[in-house]
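1. Any chance you can model this:
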Amino acid sequence: MHPAVSSLRAALGPDSVLTAPAVQTALRRDALRPHRGFHAMTGFEQPPVAVVQPDSTQQVVDLVAIARRHALPLVPRGGGSGLMGGALSVRPGIIVDLRRLDRILALDRQALSVRVQSGVRLRTLGAYLDQHGLLLGHDPWSVGVATVGGALSTNGLGYLGGRYGSMGDQVLGLEAVLGTGTVVRTPALRKRSTGPDLARLFIGAEGTLGIVTEVTLRIFPRPQTRALLGFTFADFPSGFRALLEMQSCGLQPSSMDLSVDSWPPELQERQTAPESDTAPASTASPTAYLVLVFDGREAEVAAQQDLARAIALRHGGVAEDKAADLDAYWSTRHSAADRWAADPAQRDGVWLDTRAGRAQLDYLHLSIPVTKLLGFRLRVADRLQASPVRLCQEAVWIWPECYSLVLYCSPVRDPAAARTMRQTTDTILRIAQDIGGSIEYVHGIGVRLSHLIQRELGSGMAVLRGLKASLDPAGIMNPGKLGL
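-> As a prediction, this is how the structure comes out:
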């Protein structure tokens, strides 16, 4: 047993320090798995020295002191639903399971804010606010699993992002423990003009600059009404041009999803993929389907619906007349993550097994300039045409520049499916960078995309490294993530 364990038990209590192999195996990774075209994960993953579960900021401060003394990395972990390996143990160190920091500390109805510890689950917080007639603006697919701190650390985007923004947009102030043990608290204000906002340093930083222990979030009045519209377009470009016109007119749906599905039969015959929100459509048609969600006052929603309908029809859209299908889309939007959380086999991709080995299923969420998106998708199609990798779904989501792809490679068609998937996704990601886009819009970088972050940030990477050296001089805060 590592000599740090006794110090950890003395500081946090024996029940807060876990060393059982089964617990360490379960908590040393997040939702990144080798079937995501990331076979290198098996070389990265390392067993931790211990898993610790602090229940106060002071315990996190004590933990940092012990980690520095023993030169052990600290890997913060929320709900474990991160998709990029941000909570993957890549060096023997200490997994910091923050789910005991789960208290809702203060609700301010006048200021429309709530102060919470970072381990509070989003669904728990959302239910609490709903009891008070209020709304949490962040609603990701993993709402039943993800925590406030985890969502903040990747600046995640949820189903309501069109109206309320990303998780980072919800943050008014926070408390974080640096790699020196210093506690930083930022004012919980919507606006100030007294220098850079230090809270922004920790949003999207994936725990590499410090461990966030408390957060004050913006909250919103529960909307008076919510309405869903659906349209079918002859093809993706027609639907996309309709969305651009809606945007230019100032329409702001809470949620938007324009997608084209072409799932291969071998996937349709198996269990529904945990990464998809509904069962794969059994079609190879280029038909695009658009769902819009509008929230707000009744008159506001009605006006937005009328304008959206007129624009969609002008671009050849055909209105969806089955309200039950729209209701099912919305009511089941979290089902995939709930299944993932409940079933270890889902998490490990067992449903992708074939006689030839495990198939590869990966998904990209890119930020593409809207003026270049239609040309970009043609370049992707050309790349895939010469590849055994198949396109299962393409979509724009929440805002027109968020372009997502679901890709599949069968080991029957390609015995080197994992390597082929990695090469194909890397090519697509590099094309996105070359046209002025970004390699990730929703889920952060972790280790999955860390090899491309220098290429994207250029000289900005040196700035990040300088911040890292200043706030975490011992280099113990989640090393290896974000390319740091």
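
2. which residue ranges form the strands in the stretch 201-350 of the chain?
-> 211-218, 220-221, 225-233, 255-261, 288-296, 318-319 (DSSP state E, counting those that start in this stretch).

3. In terms of helix, strand or coil, where does Leu152 fall?
-> Assigned with DSSP: H, G, I helix; E, B strand; the rest coil, Leu152 falls in the helix class.

4. Which pLDDT does the model give it?
-> Here, the pLDDT recorded for Leu152 equals 98.

5. so what's it up against?
-> Leu152 sits next to Ser118, Met167, Gly168, Val171, Leu174, Phe202, Ile203, Val212, Val215 when contact means Cβ atoms under 8 Å, 6 or more residues apart in numbering. Quick note: C-beta positions are derived from backbone N, CA and C, even for glycine.

6. Surely the fifth one is in a helix?
-> No. Using three-state DSSP, the secondary structure at Leu174 is strand, not a helix.

7. From what I see, it and Leu217 are in contact.
-> No. Applying Cβ atoms under 8 Å as the test, Leu174 and Leu217 come out as separate, 9.4 Å apart.

8. mind showing which ranges of the stretch 201-350 of the chain have poor pLDDT?
-> 268-285 (pLDDT under 70).

9. Apply 90 and report the result again.
-> 262-286, 320-323, 336-337, 339-350 (pLDDT under 90).

10. hey, where'd the helices end up in it?
-> Using DSSP state H, counting those that start in this stretch, the helices of the stretch 201-350 of the chain run over 236-248, 265-268, 298-314, 323-331, 335-342, 344-348.

11. Figure out which of the ones you listed is closest to Leu129.
-> Each of the helices of the stretch 201-350 of the chain has some distance to Leu129 by Cβ to Cβ; the shortest is helix 323-331, at 18.8 Å.

12. Can you give the distance of that closest one from its chain's centre?
-> The chain centre lies 23 Å from the centre of helix 323-331; the measure is Cα atoms, centre = their mean, to the nearest Å.

13. Report the angle between that helix and strand 288-296.
-> 70 degrees (axes from the mean of the first three to the mean of the last three Cα atoms, to 10 degrees).

14. in helix 323-331, what counts as buried?
-> For helix 323-331, a neighbour-count test (16 or more other Cβ atoms under 10 Å) marks Leu326, Tyr329 as buried.

15. by contact count, what packs against that helix?
-> Packing partners of helix 323-331 (3 or more Cβ pairs under 8 Å, 6 or more residues apart in numbering; DSSP states H and E): strand 225-233, strand 288-296.

16. Name the surrounding residues that touch the first one.
-> For strand 225-233, the surrounding residues in contact (Cβ under 8 Å, 6+ apart) are 239, 242, 254, 258, 287-298, 301-302, 305, 308-309, 312, 315-320, 322-323, 325-327, 329-330.

17. go with 7 Å
-> Residues outside strand 225-233 that contact it (Cβ atoms under 7 Å, 6 or more residues apart in numbering): 239, 287-295, 298, 301, 305, 308-309, 312, 315-320, 326, 330.

18. buried ones in stretch 375-390?
-> Neighbour counts over stretch 375-390 (16+ other Cβ under 10 Å) mark Phe376, Arg377, Arg379, Val380, Leu384, Ser387, Pro388, Val389, Arg390 as buried.
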